[in-house]
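[1] Kindly generate the corresponding structure for this input.
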Amino acid sequence: MAAKKSVKQLRITLKRSTIGRLENQKRTAIALGLRRLNQNVVHDDSPVIRGMIDKIAHLVKVEKL
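    Numbers count the residues shown, from 1 in each chain. The predicted structure follows:
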């Protein structure tokens, strides 16, 4: 049997509010699944997710799992 590949994951936490931010930053946070302050979501580490994180890096905290 083939060994299961270990997919790296990221825990993303919304640390700052999206109130008063640009609309594209608000939509990026929602697209990541972040709707409330201090809410955590876990996503696979991919270039798409990394790009979204870079767009709102000043609002979130990222941890590797």
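[2] Now do the phi/psi pair for the residue nearest the centre of the chain.
    Central residue of the chain (Cα atoms, centre = their mean): residue 12, 4.3 Å from the mean position. The phi and psi torsions at residue 12 (degrees, to the nearest 10) take the values phi -110, psi 130.
[3] for this structure, what spans make up the helices?
    Ranges of helices within the chain are 23-32, 47-55, based on DSSP state H.
[4] hang on, the earlier thing: kindly state the beta-bridge partners for the residue nearest to the centre of the chain.
    For residue 12, the beta-bridge partners are residue 41, residue 62 (DSSP bridges).
[5] Could you tell me which residues make contact with it?
    Residue 12 is in contact with 32, 34, 40-43, 53, 60-62, counting by Cβ atoms under 8 Å, 6 or more residues apart in numbering. Glycine gets a C-beta too; all of them are placed from N, C-alpha and C.
[6] of these, buried ones?
    32, 34, 43, 53, 60 (16 or more other Cβ atoms under 10 Å).
[7] Just name the closest of those to residue 8, please.
    residue 43 (10.2 Å; Cβ to Cβ).
[8] Hmm, the closest one is touching residue 9, no?
    Yes - counting by Cβ atoms under 8 Å, residue 43 sits close enough to residue 9 to count as a contact (6.8 Å).
[9] quick one: contacts for the nearest residue to residue 24 once chain neighbours are set aside?
    Spatial nearest neighbour of residue 24, chain neighbours left out: residue 55 (7.3 Å); criterion: Cβ to Cβ, 6 or more residues apart in numbering. By Cβ under 8 Å, 6+ apart, the contact set of residue 55 is 24-25, 28.
[10] and of those residues, the nearest to residue 18?
    Nearest to residue 18 among the contacts of residue 55: residue 25, at 6.4 Å, using Cβ to Cβ.
[11] and the closest one, how many neighbours does it have?
    Using other Cβ atoms under 10 Å, residue 25 has 15 other residues around it.
[12] what's the answer for residue 50, then?
    Based on other Cβ under 10 Å, the number of other residues close to residue 50 is 13.
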